[in-house]
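Asker: Curious how this folds, go ahead:
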Amino acid sequence: MANGGFLGPVVAPSLGDLVTAFTSSGTFTRTKSTGTVVVVAGGGQGGSSIGGGGGGGGLILSPSSYPLPASPVTITVGGGGAPGTPHPVQPPGDADQGGNGVDSSFGTALVAKGGGGGGTYFNTGHQEGAPGGSGGGGRRNGGSGGPATQPGQPGDSGSYGFGGAGVTGTSPDSTGRAGAGGGAGGGGSGGNGGNAKAIPAFPTSYGETGNYAGGGGAGGNTPQGGPTCGTSGGGGAGGGNTPYANGLVNTGGGGKGSGPATTAPSSDGQGGSGVVLVKEADVLQNTSGVWTLADVYENVKNGTWSSS
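Answerer: Here you go, the predicted model:
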């Protein structure tokens, strides 16, 4: 071996952003003492029977100087609202409010609240849009949207939190039956889901082309004069443009409200699961492999070699 070197691949080290993405629960161990943390909860399920869209999951975006704990951090990624998640159950034959999304968290310091389920109106029973990180959209016939709970959370969860209230459903019913769009991190609008929140600090390969926590579109009933199904919020980070569309996974998007004449809560669009992202800047990378002694010497001398 010439010059006392080692056989093996030569890999040039580099400094750059290190993004750690959690699409399911796990444990985070820091490389740097500070970083940017994004926590997105699961989106809410859409309501049944011309129901409101599900609210987007609560979203937390920390500054880039956020302190990262020295000890490993427990990460929880919440699932989207679905028939099995908590929601009020109506009498037999009536429709159910959509289920709320499940909370996501970065340790105990940053807790994002699940999106609210969409409201519903059917036979003798009805439910309004549920509270959540972003609130669920209101049912037809003037049902109110759910309030947003994320901005009011204690500590950093609220200070760095985003969420919007669900929109009120159309009224009177004679003007056309339609639910309302779910709230979202970027705001709400009419029968369409609220706009998702874009986070340019992270590559667009995450979320839905860089968008998160959009509200689900409302259910509609065109034959009775109502609008067609509402659209999702923010580039599809919520329910789609057809009945029963689910929120996209790992975006926290709200599910779509259903169209008419369905009594099965499972037919409503389910919420998309959440995600947790951590970005650490100026991290030494590409340090695996076997190095020549000359490479080690040059990197130590230039301050680009890590001993960890």
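
Asker: from here on, contacts and neighbour counts on C-alpha atoms
Answerer: Fine.

Asker: Restrict the longest strand along the chain to CA atoms and write it as CSV.
Answerer: Taking DSSP state E as the criterion, the chain has its longest strand at strand 275-285. Extracted in CSV, the C-alpha atoms of strand 275-285 (Å, rounded to 0.1, in the frame of the first residue of the first chain):
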residue,chain,number,x,y,z
VAL,A,275,-45.0,13.8,10.1
VAL,A,276,-42.1,15.1,12.2
LEU,A,277,-39.0,16.7,10.5
VAL,A,278,-35.8,18.0,12.0
LYS,A,279,-33.2,20.0,10.0
GLU,A,280,-29.7,20.6,11.4
ALA,A,281,-27.5,23.0,9.5
ASP,A,282,-23.8,22.6,8.7
VAL,A,283,-23.5,19.0,9.6
LEU,A,284,-20.4,17.1,8.5
GLN,A,285,-21.6,14.3,6.2
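
Asker: Strand partners (parallel or antiparallel) of it?
Answerer: strand 14-22 (antiparallel), strand 34-40 (antiparallel) (DSSP bridges).

Asker: Adding mean pLDDT, distance to Glu208 and mean neighbour count as columns, could you present the ones you listed in JSON lines?
Answerer: JSON lines is the format used below for the strands paired with strand 275-285 (pLDDT from 0 to 100; distance: least, CA to CA, whole Å; neighbours: other CA atoms under 10 Å):
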{"stretch": "strand 14-22", "mean pLDDT": "91", "distance to Glu208": "14", "mean neighbour count": "15"}
{"stretch": "strand 34-40", "mean pLDDT": "97", "distance to Glu208": "13", "mean neighbour count": "25"}
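
Asker: okay, these in TSV with distance to Ser65 next?
Answerer: Listed next are the strands paired with strand 275-285 as TSV, based on distance: least, CA to CA, whole Å:
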stretch	distance to Ser65
strand 14-22	14
strand 34-40	5
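
Asker: picking up where we left off before, what average pLDDT does the next helix or strand after the longest strand of the chain get?
Answerer: For strand 275-285, the succeeding helix or strand toward the C-terminus, using DSSP states H and E, is helix 293-302. What helix 293-302 shows for mean pLDDT is 72.
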